[in-house]
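Visitor: Attaching a predicted model along with its sequence, questions to come.
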Amino acid sequence: MESVSKTRHFSCVCSFDQWDSLYEANHLRTLISSWNSPNLDAIFLKLQCLRVLNLFGNSIEELPSSIGKLKHLRHFDLSATDIKKLPDEICSLYNLQTLLLWLCQSLAELPTELGKLVNLRHLDIQGTNIKMMPTTMGKLKDLQTLRGDFVLDENSGGNIVKIKKLQQLRGTLHLGAL
């Protein structure tokens, strides 16, 4: 950890207790932590150059609003976490291309302004308990992959019309209704 300020990529798959020293890595691009949850607020405020953030399997229940500070973030993996709700600030991550929420069984809804993520290409909501897709989903014109059910509320069947704008989607689209 002597030359931590020059570190660009960091992966922690075992217990790590030197998070404070890692915060000096101002130009860190990749952070993979699958063992223990670091202080996320400090990460989001101090490591704003992150492009890849993988927190797969952490015991995270909520994200701080400072997630919106990661303007350069392109790949965000929260799979198999205990996340209950994504903060609205996640919708300000305009460069985000991949959002993985696979097996986030406590997650029941997506932010209403998810359509602001205009560069989102891959969304994995398989294994979640999402009850309804945001009405802004039609704005995700670059979306290529959607794993999981596209859930429509029977009272707002107009959402299905917005699917036609998702012309980059490939593979199979599963539609579900409440």
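Guide: Noted; the coordinates are in hand.
Visitor: how many neighbours does residue 20 have?
Guide: A total of 12 residues lie near residue 20 under the criterion other CB atoms under 10 Å. (Each C-beta comes from the backbone N, C-alpha and C, glycine too.)
Visitor: just use 3 as the starting number from now, easier for me
Guide: Sure, I'll start numbering at 3, so the last one becomes residue 22.
Visitor: quick one: it from residue 14, how far?
Guide: Going from residue 22 to residue 14 by CB to CB, to the nearest Å gives 14 Å.
Visitor: same question, residue 55
Guide: 12 Å.
Visitor: Those two: which is more packed in?
Guide: Remark: of residue 55 and residue 14, residue 55 carries more neighbours, 22 against 16, as counted by other CB under 10 Å.
Visitor: quick one: low-confidence parts of this protein?
Guide: Where the chain drops to pLDDT under 70, the residues are 3-6, 15-19, 37-40, 154-164, 174-180.
Visitor: Give me the most central residue, it.
Guide: Nearest to the mean C-alpha position of the chain, counting by CA atoms, centre = their mean, stands residue 101 at 3.8 Å.
Visitor: contacting residues for that residue?
Guide: Residues near residue 101 by CB atoms under 8 Å, 6 or more residues apart in numbering: 78, 80, 119, 122, 124, 125, 126.
Visitor: Give me the phi and psi angles of the fourth one.
Guide: What it means is residue 122. When read as degrees, to the nearest 10, the backbone of residue 122 gives phi -70, psi 130.
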